[in-house]
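[1] Here is my input; please provide its structure:
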Amino acid sequence: MTTINSINQLADKMNQSIVGQEALVNRLILVLLSEGNLLLEGLPGLAKTRAIKTLAQELDCGLSRIQFTPDLLPSDITGTEIYQPDNEQKFVFQQGPLFNNMILADEINRAPAKVQSALLEAMEERQVSVAGKTYKMNPLFMVMATQNPVEQEGTYPLPEAQMDRFLMHVLLDYPDDESELKIIRLNRNEQKKADSTAPATEKIPQEVIFSAREEISRVEIAPAMERYIVDLISATRRPEKYDQQLARYIDFGASPRGSIALDRCARTHAWMNERNHVTPDDIRGVLNDCLRHRLILSYEANADGITCDQVLEMIAKQVAVIS
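    Numbers count the residues shown, from 1 in each chain. Next up is the predicted model:
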């Protein structure tokens, strides 16, 4: 079985367990293959937690779930040194839940900024520093953070610096009525199967993910496509070059991490669609999820009810591909 077939098999297994959220499954796998971290935003009950649990179950890897609360401390997730008088070193580092393959940071915006920032080093550097010592994370490592809409009571907006660390910011909506029916039936069948011993299914090894990443690194991106990415990012920083109305809506554009995210995700998007080169559709296909959390809109945009997605759609129409 080829690597792409194994990845498609993983997606099929996940879609059987997560009904009506095919886009979520696609983005979760895409971010994992792109070696990034994912931020999911949606109301409770939209299969955010179930998604990464299913991914960890189908892959041969571990999962840590961290429920973020207002009283959580940074050491609760990174770990801390424990005094052991019988040990020669006296202080022994006790690893926290961050030391696993898949990390579910559930309702991350219900914790204060100090706890939220404790994730930054692990997400960006793939390491944790405690008491002057550095501890490496697992080779296969991804943080999937979920957040409730900031309008809900008891939530804190994530700092811009932390938002920028997420490769993608995906918005979830309610499933349609047909999917809702399938969810009810799936839940009923799972309750029946819980009473019987189901045979264990074969898990997909971690090596498949590393093989896929190696193949993605060989996906070609032409100079014209590189220029298209740069022009899209430039339009968020200097929108007055394209449209005065657009300039009124953007206070701050995307950082260079936005360019890197578009490049990585577009190449992964092309590979997942079995192409060895990037097309403009690959770039546009990941544009909103890669940049919606990297823009800071103006007061005029908020007053007019303009969203980041609408601004990005305006940019996509204004910026042309120059061959």
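[2] which residues in the stretch 1-150 of the chain form strands?
    38-41, 63-67, 79-83, 91-95, 102-106, 127-130, 133-136, 142-147 (DSSP state E, counting those that start in this stretch).
[3] Show me what the fourth one is packed up against.
    When contacts are defined as 3 or more Cβ pairs under 8 Å, 6 or more residues apart in numbering; DSSP states H and E, strand 91-95 sits against strand 79-83, strand 133-136. C-beta here means a position set from N, CA and C on the backbone, and glycine is covered the same way.
[4] Pull the residues that contact the shortest one.
    I take that to be strand 133-136. Gly79, Phe93, Gln95, Phe99, Arg126, Gln127, Val128, Ser129 (Cβ atoms under 8 Å, 6 or more residues apart in numbering).
[5] Gln127 against Phe141, yeah?
    No: Gln127 lies out of contact with Phe141 (Cβ atoms under 8 Å); the separation is 10.0 Å.
[6] Between the two, which is the more surrounded one?
    A count of neighbours by other Cβ atoms under 10 Å puts Phe141 above the other of Gln127 and Phe141, at 20 against 11.
[7] Return the most buried member of the helices and strands packed on strand 91-95.
    strand 79-83 (a mean of 13; mean count of other Cβ atoms under 10 Å).
[8] Next, the angle strand 91-95 makes with that strand.
    Put simply, strand 79-83 runs at 150 degrees to strand 91-95, going by axes from the mean of the first three to the mean of the last three Cα atoms, to 10 degrees.
[9] Restrict strand 79-83 to CA atoms and write it as CSV.
    Extracted in CSV, the C-alpha atoms of strand 79-83 (Å, rounded to 0.1, in the frame of the first residue of the first chain):
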residue,chain,number,x,y,z
GLY,A,79,5.6,19.2,34.3
THR,A,80,7.8,20.0,37.2
GLU,A,81,10.8,18.8,39.3
ILE,A,82,10.0,16.6,42.2
TYR,A,83,12.2,16.3,45.2
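[10] What pairs with it, parallel or antiparallel?
    strand 91-95 (antiparallel) (DSSP bridges).
[11] What is the distance between the strand it pairs with and the centre of its chain?
    Mean-position distance between strand 91-95 and its chain equals 29 Å (Cα atoms, centre = their mean, to the nearest Å).
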